[in-house]
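K.L.:
need coordinates for the below:
(one chain, ligands or ions: 1)
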Amino acid sequence: MIDLELTPEQRQLQATIREFGRRELAPTIPELDREQRSDPELFGKLGALGLPGICIPQRYGGAGLDWVALGLACEELEYVDASCRTALSVHAGLCLTGLYQWGTEAQRQRLLRPLAEGRQQGCFALTEPDAGSDVRALRTLAIRSGDGYRLRGQKVWISMGHSAELLMVFATVDPAQGIGGITAFAVERSLAGPGLRTQPITHKYGLRAGETAIVFLDDAVVPAANRIGEEGEGFKVAMSCLDSGRFCVASGAAGTIRACLDLSVAYARAREVQGRPIGRFELVQQMIGQMARDSDIARLLWLQAAWLKNNGRRSGRQSALAKWVNSDNARRSADDCLQVHGATGFSEECPAARYLRNSRATLIYEGTRELQTILAAEYALGYREDRPVRCPLPAWPDEGDPAPAAVPAATRTA
Ligand SMILES: Cc1cc2nc3c(=O)[nH]c(=O)nc-3n(C[C@H](O)[C@H](O)[C@H](O)COP(=O)(O)OP(=O)(O)OC[C@H]3O[C@@H](n4cnc5c(N)ncnc54)[C@H](O)[C@@H]3O)c2cc1C
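P.N.:
Here you go, the predicted model:
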């Protein structure tokens, strides 16, 4: 039975992150967005709340919470700005869940723990200049060399790629094998040598307060002990990472929709035209009614995926569907929010335009809107089905693991 009621602990977590967003993030975001720079302290601030390893088991340095907790964190961060949510979801969703699900015990202790404890930041580097939607076209080479590999190629549009210490990089050990050659590597910046360089991408349409980078790999060094999974298993690793990442995008989009709804409601009550609040006009009500509808749909869709994940069940279809529907509705809500505000929405004083620019990114990354449409159709047509989960998260109760904390320890004292 899916229980839609948040527990007192989940409400406490939600309230803490909401207050953190209001107090710590909201005051600086407009300026960061205008000046197109990210907050170098952001990851540290998320770490102080115990969020980086939010749903990684405690025995690997995480908080041991569940997918509902991660979804709530994404929703509350994106309520302020999608770039804040992206910073968390790239780390906690795309990178850490992949390391946890595919890493060996030794890799979980050595590579995952510093990330889960918030001492290091992680990112996920799959996209290349000529390989976006079509992962099969990936050309970055992994050349065996001594007791390890040298990586040669280029990755583009990598969120947090300039500041991350650990980059989950996908490369092929044999291009002739197509998908069967793709292999995942945990590239540690400190070990990679001069062959790893990163460069921030500037002048973006949206997510201007977020960091996005080009990653140059010119014989970057990676030890064999940092290969995640077997040679040729990288495509499966990438798909499980994307499944978690899509869940984060979907729950984050619920935050954008709610932010648009709250902003529009406040403005429609206050702004008078022809002696009446504009909230009394049916066509304005239509926009606000849709936002209210989409806000509930968004929460229900990501909770459905969270419930499946919490129960160790595959949620590939539901996560992709939630990502598709919620990101599309976030974009429309932002557009309508701007419209409700008239010319005020067109100015920088109002966050609606920022919400709109940010929401466009969620229709592109982690599988474009078109790919999500295709996925939904293929599941419906029976051309695609979910395989069992390799290693479900959260994985407690488990031998030697304490009962999960209700909220991250750091959050409890915040
Ligand atoms: C802000 C931002 C952050 C990002 N962060 C990351 C990151 O952290 N890590 C990472 O690896 N990547 C990241 N990306 C890259 C992102 O995942 C890719 O841009 C995305 O997968 C699409 O690839 P592409 O841009 O090459 O578009 P293309 O694949 O070239 O697609 C172009 C157009 O063709 C359509 N199309 C493609 N194939 C089909 C098809 N079969 N049927 C119908 N239509 C199709 C697409 O939907 C799209 O409209 C990020 C992108 C952005 C914008």
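K.L.:
toward the C-terminus, what is the element adjacent to the helix or strand that residue 238 is a member of?
P.N.:
According to DSSP states H and E, residue 238 maps onto helix 234-270. Of the helices and strands lying after helix 234-270 in sequence (DSSP H and E), the nearest is strand 272-273.
K.L.:
any part of the helix holding residue 238 near the ligand?
P.N.:
No. With Cβ under 6 Å from any ligand atom as the criterion, the ligand is not reached by helix 234-270; the gap is at least 8.3 Å. From N, CA and C alone the C-beta is placed, and that goes for glycine too.
K.L.:
distance between that helix and the chain's centre?
P.N.:
Chain-centre distance of helix 234-270: 9 Å, with Cα atoms, centre = their mean, to the nearest Å.
K.L.:
and the nearest residue to residue 227 once chain neighbours are set aside, helix, strand or coil?
P.N.:
With sequence-adjacent residues excluded and distances taken as Cβ to Cβ, 6 or more residues apart in numbering, residue 227 is closest to residue 185, at 5.7 Å. For residue 185, the assignment made with DSSP: H, G, I helix; E, B strand; the rest coil gives strand.
K.L.:
residue contacts, residue 185?
P.N.:
Applying Cβ atoms under 8 Å, 6 or more residues apart in numbering to residue 185 gives the contacts 142, 149, 151, 168, 169, 170, 171, 222, 226, 227, 228.
K.L.:
tell me which residues in the helix holding residue 238 are buried?
P.N.:
Of the residues in helix 234-270, 234-238, 240-261, 263-264, 267-268 count as buried by neighbour count, 16 or more other Cβ atoms under 10 Å.
K.L.:
next one: stretch 203-222
P.N.:
Buried residues in stretch 203-222 (16+ other Cβ under 10 Å): 204, 206-215, 217, 219-222.
K.L.:
do stretch 177-186 as well
P.N.:
Buried, per 16+ other Cβ under 10 Å, within stretch 177-186: 181, 182, 183, 184, 185, 186.
K.L.:
ends of stretch 28-39, what's the gap?
P.N.:
9 Å (Cα to Cα, to the nearest Å).
K.L.:
please apply the same query to stretch 32-42.
P.N.:
Using Cα to Cα, one end of stretch 32-42 lies 12 Å from the other.
K.L.:
give me the residues contacting that stretch.
P.N.:
28, 45, 81, 83-84, 87, 163, 202-204, 208-211, 348, 354.
K.L.:
that one close to the ligand?
P.N.:
No. Between stretch 32-42 and the ligand, judged by Cβ under 6 Å from any ligand atom, nothing touches; the nearest distance is 12.1 Å.
K.L.:
in that stretch, which residues are buried?
P.N.:
32, 33, 38, 39, 42.
K.L.:
give the contact list for residue 200.
P.N.:
Applying Cβ under 8 Å, 6+ apart to residue 200 gives the contacts 162, 211, 212, 213.
K.L.:
with residue 217 instead?
P.N.:
Shown in contact with residue 217 (Cβ under 8 Å, 6+ apart): 140, 151, 152, 153, 154, 155, 169, 171, 195, 196.
K.L.:
measure how buried the last one is and give me the count.
P.N.:
Around residue 196 there are 22 other residues, counting by other Cβ atoms under 10 Å.
K.L.:
would you mind naming what in the stretch 251-400 of the chain lies close to the ligand?
P.N.:
So far as Cβ under 6 Å from any ligand atom goes, the stretch 251-400 of the chain lies against the ligand at 361, 364, 365, 366, 368, 370, 371, 374.
K.L.:
repeat the analysis, applying 8 Å as the threshold.
P.N.:
Contact residues (Cβ under 8 Å from any ligand atom) of the stretch 251-400 of the chain with the ligand: 361, 364, 365, 366, 367, 368, 369, 370, 371, 374.
K.L.:
narrow these to those in helices?
P.N.:
361, 369, 370, 371, 374 (DSSP state H).
K.L.:
give me the neighbour count for the closest residue to the ligand within the stretch 1-150 of the chain.
P.N.:
Per Cβ to the nearest ligand atom, residue 132 is where the stretch 1-150 of the chain lies closest to the ligand, at 1.9 Å. When counting by other Cβ under 10 Å, one arrives at 17 neighbours for residue 132.
K.L.:
do residue 201 as well
P.N.:
Residue 201, neighbours per other Cβ under 10 Å, totals 15.
K.L.:
show me what contacts it?
P.N.:
156, 157, 212, 213, 214.
K.L.:
who touches stretch 224-236?
P.N.:
So stretch 224-236 is contacted by 98-99, 102-103, 106-107, 111, 135, 147-149, 168, 170-173, 177, 179-188, 191, 237, 390 (Cβ under 8 Å, 6+ apart).
K.L.:
go again with 6 Å.
P.N.:
With Cβ atoms under 6 Å, 6 or more residues apart in numbering as the test, stretch 224-236 has contacts from 102-103, 147-148, 170, 173, 179-180, 182-186, 237.
K.L.:
show me what counts as buried in it.
P.N.:
Residues of stretch 224-236 classed as buried: 226, 227, 228, 229, 231, 232, 233, 234, 235, 236 (neighbour count, 16+ other Cβ under 10 Å).
K.L.:
which element, helix or strand, includes the nearest residue to residue 206 once chain neighbours are set aside?
P.N.:
Spatial nearest neighbour of residue 206, chain neighbours left out: residue 357 (3.4 Å); criterion: Cβ to Cβ, 6+ apart. Here residue 357, judged by DSSP H and E, is contained in helix 352-362.
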